[in-house]
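Q: structural data only, the sequence is not supplied:
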C-alpha cells in the first residue's frame, strides 16, 4: 500500500474543487462563499504540505511516477502561497468588471492542482497530465473578462500557441519513450546513450515546449499580448505561479533523466538565457502599457533564472529557485500597486497614467520606487540579491560571458525601470486616484514591499531553506 | 570596544530619515523636519569626532572592527576604519549638516523628502568608507545611486531628467563589471573579506583583468577622462545641496576605492597599469582645465575643475610614493571642502539672481563685500595657494610625481597654472569689473546661515593649510604600511 499521506495535499485540493463546484451549482449567489472556501482550502493544503512533506528528502510513489522531495515540497508551497495571494487581491477587481463569479477561484484551484502534479512528476505522462490540467484552466482564465475583446483575443492566442507547444512537447516525449523504452525519469536516465541523435531531437522538442510555457526568447511572442489582454489579476497569476511550476519541471527534466547529455542541452539553455535577458531588456524600452512592459520584464527575469540553470550545479539550481521566489514577491508588490490605479471603477494601465503619482499618493509611489529599483537589481533591495546569487553560481563555473552579458543587460533594463520612476517622480501630476482599496490589497502591498526592502537584513533564511535542494 | 560605533554611525542617519518619514509633511518651510535632520547629522558628526579622538594613530591595522555573520558561510558584515578611511568619514559627517542648513534657500518644494534623501545618502556614504568586505562595499557603493538619482531628478534644474539618467546609467554600467570581479575574487580566493585578502593576496594571473573591472567602476565615479561627461551635467542640474554632496563626497568614493582596493588587492596590476592612469590623469588635468576656461556657466566651470582636481588625485595615488598617496588623500579632503564651498557660494548668488551664467554678474565686490572675500578665499584654495589646504595636497602629489616620472610631473604642473587661470578669471568676471546689471544693485549680502556655513568651511581650509599635521599624522602609518605591503608584494612576484 502506498503512503498516501504524501499526496494528501493533491487529494485534498481535488476534493475541495469538486465540493466547491457542486456547491456553486446548487447554491445561488455563492461567489463570496466559494471565494472564502477556496482561500481556506489553499491554506489547509499549504499546512498539509508543510506538515506531511516538508522534511522528506526523497520518496517516490505510484511506481516511481511521483516524487516527493525537498524541491517539490518547497515549490508547491510557493505555488500555493502565490495562488492564495492572487485570490485575496482579486475580488475588488473582479467586482468592478462584474465577473466576480464562482468559476474564478475554482479555475485557479484547478490550475494550482495541475501545477502541483507537474511539480511532483517523475514521469513523462504524469508531467503532461499536470501540464494540460493547468493550461486548460489558464486558457479559460485568460478569457475570463469575456465581454472585452482584448481578453478573448488573449485567451485565443494563448490557447492556439500553447496547444502548439504542448504538441511539440508531446512529440518530444514520444521520441524519448521510443528510444528509452520508458516514460519514467529514473529509468530513462539509466537507459540513455548519448550517441543516439534522435534523443537530442526529443530533448530539443521538450525544451521548446517548456520554453513556451515560461516564455523564454524565442518562444515568447504570446506573452505580451496575453499579459496585456487578460484581466490584471489573471496577468498577475500568469507572471508568478505557472512559472514556478514550469521552472521546477525544467530543473527536474534536465537534471534527472538528461544529466548525462549535458553537452546537448547546456548550450541551448545558455542561448535561451542570453536571448531572453537581452531581448526582454531591449524590447521593454518602447512599451507604453504597463502590463506589456511587465511581460517583457518577466521575459528578461526568466533569462536570469535560466542562467542559474545553465550552470549545471546545485548552487545554480538553488540560485534559480531563490531568484524565482524573490521575483514572485516583487511581481506581487508591483501588481498590487497596479490594482490601486483605479478611478471611478476604471483601472489604468498606461505608463503615462502614473505621471506625477508621487504628489498625490506619496506612500504608493514610495512603494513603487522600492519595487522598481528592486526589479532593476539595485542594492540593497531584494532584487539585487536574487541576481547576485545567480551570478555567483554562474561565475563559479567560470561562465564569464554569460555573467557579463547578463549584468550588462541589467543596465539596459535599468533604463526602463528608471523611466517609470521618472514618470512617477519627475513629471506633472494628474487627477487623484481612488484610495478606498480593500484591506487585503493594502496588506499584500505593504508586506511584499517590506520584504523587498528589508530582505538584506536576514538574507540567510531563504538560502537555508533552499540549500536543502540537492538534485545532482 | 563593544559598542558598535561604526554601525551606529551608518544607521543613525537612516533612523533620522525614518523619523522624518513619520512627521507631518508640510509645504513651505518645514522647520520641524529641518531640525530633526540637522540634529541627526550633527549627532553623527559628534560621534565621528569621538571616533577620531579615540582612534589610535600608531597602528595601521583596522580599528573599531565589527564582524557579524550576514549570509551564512559566505559574506560577513564587516566594518572597520584605518587612518585612510576615518578622514573620509569625518568629511562626510561634516559636510552633511552643512548641506542640511543650506537647503533653506535652494530647495523650495518637498523639503522633507529632500532631507530624507540626504540622510539616507549619508548612511550609504559612511558605509562605503567603513566597509571591509567587498560585497558590503559594493552594496553601499551602488545603493547611493538611488537617493542621488532622486535628488538630481526631483529637485534639479531644467535638464534634470537627462542628467539623472546619465548619472545613473553611467555609474551602473561601470559598477556591474566590478560586481563580476568581486564574485570572481570570491571564487578565486574563497573570501571577500578585505583584511584576509590583504594577507592572502590574489594570484598574479588574474590581477590584470580584475584590476580593469574595478577600474571601470572607479573611473566612471572619479570621474576620469573620457568617462567624465556625466559629472558636469549632474552637477549643473542638481540643487546646491546635491552638488555639494556629489562633489565633496561621492567623487571621493572612487579615490578611496583606488587606494583601498586597486592598490591593496592588485599590486602587480597597479604597476602594470600605472602608465594608463598617468596618461588619463594628465589628459584630465590639462584638457578639462582648458574646457573649464571656456565655460560660461559657473557651476559647470567648477564641475570641470573637479574633474581636473580628481586627475591630480589619481595621478598621486598611482605614483605609489608615500608623498603621492598622502597628497592624494589630503587633496581629496581639501577638494571636498573647497568644492563644497564653491558650489555653496555659487548657490548663494543663484538663489538671489536665478542665473548661473558668469555674464549675469560682475562688480559684486561693491555690493556684497563679505561674500566676495569668502569667495576669494575659496577660489584661491581651489587653485592651491600656499596657506590653504589645496596647496598641501597638490604640492605633495607633485612631489611624489617628480620622484616617479619627471615628464608627467612637469605636464601636471602646467595644470596647476591653468587651474589658477580659470579660477582667477572666473573670480575677476564675477566679482570685479563694473556693475553693469541693474538687478545686481539690490542683491543682498550673505545672510546668517550662509555666513555660518561658509565660515565653517573656511576655517578647516585655512587651518589645514597652515597646519596639516593632524591629517598627515592620521594617515601616515596606514599609508606607509600600504606602500610596504605593496613593495613586498611586488618583490615577491
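A: Nice, thanks for sending it over. Fair warning: this is a prediction, and the values are worked out from it, not measured in the lab. Numbering: from 1, shown residues only, chains lettered A, B, ... in the order given.
Q: any regions of the stretch 1-150 of chain B where pLDDT drops low?
A: B:1-2, B:24-29, B:105-106 (pLDDT under 70).
Q: no, scratch that, I was asking about chain A
A: Applying pLDDT under 70 to chain A flags the ranges A:1, A:193-195.
Q: which residue does it bring closest to chain B?
A: residue A:407 (3.8 Å; Cβ to the nearest Cβ). Bear in mind the C-beta positions are built from the backbone N, C-alpha and C, glycine included.
Q: count the neighbours of that residue for me.
A: By other Cβ atoms under 10 Å in any protein chain shown, the residues close to residue A:407 number 23.
Q: for the stretch 201-350 of chain B, what spans make up the helices?
A: All helices of the stretch 201-350 of chain B, identified by DSSP state H, counting those that start in this stretch, fall at B:204-221, B:230-237, B:240-245, B:251-257, B:264-265, B:267-293, B:298-317, B:322-353.
Q: okay, those helices in a markdown table with mean neighbour count and mean pLDDT next?
A: Compiled in a markdown table, the helices of the stretch 201-350 of chain B are given as follows (neighbours: other Cβ atoms under 10 Å in any protein chain shown; pLDDT from 0 to 100):
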| stretch | mean neighbour count | mean pLDDT |
| --- | --- | --- |
| helix B:204-221 | 21 | 88 |
| helix B:230-237 | 25 | 84 |
| helix B:240-245 | 29 | 85 |
| helix B:251-257 | 24 | 89 |
| helix B:264-265 | 22 | 86 |
| helix B:267-293 | 20 | 89 |
| helix B:298-317 | 28 | 89 |
| helix B:322-353 | 25 | 88 |
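Q: list the contacts of the residue of chain A closest to chain B.
A: A:387, A:391, B:176, B:177, B:179, B:180 (Cβ atoms under 8 Å, 6 or more residues apart in numbering or on different chains).
Q: how about the helix or strand where it lies: buried residues?
A: Assigned by DSSP states H and E, residue A:407 belongs to helix A:400-426. Of all the residues in helix A:400-426, those buried under the rule 16 or more other Cβ atoms under 10 Å in any protein chain shown are A:402-426.
Q: which one of the helices of the stretch 201-350 of chain B lies nearest to residue B:39?
A: helix B:240-245 (17.1 Å; Cβ to Cβ).
Q: so what does that closest one touch, helix or strand wise?
A: Using 3 or more Cβ pairs under 8 Å, 6 or more residues apart in numbering or on different chains; DSSP states H and E, the elements in contact with helix B:240-245 are helix B:83-106, helix B:111-130, helix B:145-155, helix B:322-353.
Q: run a quick neighbour tally on residue A:380.
A: If you count neighbours by other Cβ under 10 Å, residue A:380 ends up with 22.
Q: touching, it and residue A:456? I think so.
A: Yes - in this structure, residue A:380 is within contact of residue A:456 by Cβ atoms under 8 Å, at 4.3 Å.
Q: ok, now which ones touch the residue lying closest to residue B:393 once chain neighbours are set aside?
A: Distances taken as Cβ to Cβ, 6 or more residues apart in numbering or on different chains place residue B:331 nearest to residue B:393, at 2.9 Å, with adjacent residues excluded. For residue B:331, the contacting residues are B:309, B:312, B:313, B:316, B:390, B:393, B:394, B:396, B:397, by Cβ under 8 Å, 6+ apart.
Q: let me see the backbone angles for the last one.
A: With angles defined as degrees, to the nearest 10, residue B:397 sits at phi -60, psi -50.
Q: what sits against it?
A: Residue B:397 is in contact with B:312, B:313, B:315, B:316, B:319, B:323, B:324, B:327, B:328, B:331, B:412, counting by Cβ under 8 Å, 6+ apart.
Q: between those residues, which sits nearest chain A?
A: Distances from chain A to the contacts of residue B:397, taken by Cβ to the nearest Cβ, are shortest for residue B:313, at 25.8 Å.
Q: state the helix or strand in which whichever residue of the stretch 51-200 of chain B sits closest to chain A lies.
A: Closest approach of the stretch 51-200 of chain B to chain A (Cβ to the nearest Cβ) occurs at residue B:176, with a separation of 3.8 Å. Assigning secondary structure by DSSP H and E places residue B:176 in helix B:160-189.
Q: which other helices and strands does that helix contact?
A: Contacts defined by 3+ Cβ pairs under 8 Å, 6+ apart place helix B:160-189 against helix A:382-396, helix A:400-426, helix B:134-143, helix B:145-155, helix B:194-200, helix B:204-221, helix B:230-237.
Q: TSV for those, including distance to residue A:248?
A: As requested, these are exported to TSV (distance: least, Cβ to Cβ, whole Å):
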stretch	distance to residue A:248
helix A:382-396	17
helix A:400-426	22
helix B:134-143	29
helix B:145-155	34
helix B:194-200	38
helix B:204-221	35
helix B:230-237	43
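Q: which one of those helices lies nearest to residue B:8?
A: Closest among the helices and strands packed on helix B:160-189, using Cβ to Cβ: helix B:134-143, at 15.6 Å.
Q: can you list contacts of the closest one?
A: Contact with helix B:134-143 is made by A:378-380, A:384, A:388, A:456, B:70, B:75, B:77-79, B:124-125, B:127-128, B:131, B:172, B:175, B:178-179, B:182, B:185-186, B:192, B:194, B:197, B:217, B:253, B:257, B:261, as judged by Cβ under 8 Å, 6+ apart.
Q: return the residues of chain A in contact with chain B.
A: Within chain A, the positions near chain B by Cβ under 8 Å from any Cβ of the partner chain are A:362, A:369, A:373, A:378-380, A:384, A:388, A:391-392, A:395-396, A:398, A:400, A:403-404, A:407-408, A:410-411, A:414-415, A:418, A:421-422, A:425-426, A:456, A:459-460, A:463-464.
Q: looks to me like residue A:60 is in a strand.
A: Yes - read with DSSP: H, G, I helix; E, B strand; the rest coil, residue A:60 is one of the residues of a strand.
Q: quick one, what contacts it?
A: A:66, A:67, A:68, A:122.
Q: mind redoing it with 10 Å?
A: By Cβ atoms under 10 Å, 6 or more residues apart in numbering or on different chains, residue A:60 lies in contact with A:2, A:6, A:66, A:67, A:68, A:69, A:120, A:122, A:123, A:184, A:186.
Q: list the beta-bridge partners for it.
A: With DSSP bridges applied, residue A:60 shows beta-bridge pairing to residue A:67.
Q: look at residue A:29 and give its secondary structure.
A: Of the three states, residue A:29 takes coil under three-state DSSP.
Q: correct me, but it touches residue A:23?
A: No - using Cβ atoms under 10 Å, residue A:29 is not in contact with residue A:23; the gap is 11.8 Å.
Q: the more surrounded of these two?
A: residue A:23 (16 against 7).
Q: phi and psi next, for that one.
A: When read as degrees, to the nearest 10, the backbone of residue A:23 gives phi -60, psi -40.
Q: residue B:444: what secondary structure?
A: Residue B:444 is classified as coil under three-state DSSP.
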